[in-house]
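1. Okay, structure incoming, though there's no sequence with it:
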């Protein structure tokens, strides 16, 4: 996929994945990315973004990055630092018809992280 092309995905269930950042998905930049009818459960990141870590790596180029989450569920994901379900950096988030439940930030290393859901 081209680095600047819009991305669109219908994912089923991403469950019990583990990573340093973005337990299920870790991405660096895309102009617009859309995830629809997806379920993220029991994913874990030791740093940021229990389920998703999305970072706009081209912000100096003036690119506006948007992560769209439509009718998706984020349940019982956890991050060691920030963004229990979703962590974004220099990225706009649009969540429509999505559910965020029982996500935790700062839950792995005992610190008080930011953003249990986002």
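-> It's in. These figures come from a predicted structure and were not determined experimentally.

2. Can you tell me the centre-most residue of this protein?
-> In the chain, the centroid-proximal residue (Cα atoms, centre = their mean) is residue 52; its distance is 2.4 Å.

3. Per-residue confidence, that residue, what does it come out as?
-> Listed pLDDT for residue 52 reads 94.

4. same check, this time on the one 10 residues further on
-> Reading off the per-residue confidence, residue 62 sits at a pLDDT of 61.

5. try residue 9
-> What the model reports as pLDDT for residue 9 is 70.

6. Can you give me the first-to-last residue distance of stretch 70-79?
-> 22 Å (Cα to Cα, to the nearest Å).

7. what mean pLDDT does that stretch have?
-> When pLDDT is averaged over stretch 70-79, the result is 96.

8. buried sites along that stretch?
-> 72, 73, 74, 75, 76, 77, 78, 79 (16 or more other Cβ atoms under 10 Å). (Glycine included, C-beta is placed from N, CA and C.)

9. Okay, and which of those residues map to strands?
-> With strands defined by DSSP state E, the entries of the buried residues of stretch 70-79 inside them are 73, 74, 75, 78, 79.

10. you'd agree the last one is up against residue 87?
-> Yes. Using Cβ atoms under 8 Å as the test, residue 79 is close enough to residue 87 to be in contact (6.6 Å).

11. what's the overlap in contacts for those two?
-> 45, 48, 49 (Cβ atoms under 8 Å, 6 or more residues apart in numbering).

12. wait, residue 50 sits on residue 103?
-> Yes. The pair residue 50 / residue 103 is scored as a contact, 6.2 Å apart, by Cβ under 8 Å.

13. any idea which helix or strand carries residue 27?
-> Using DSSP states H and E, residue 27 sits within strand 25-28.
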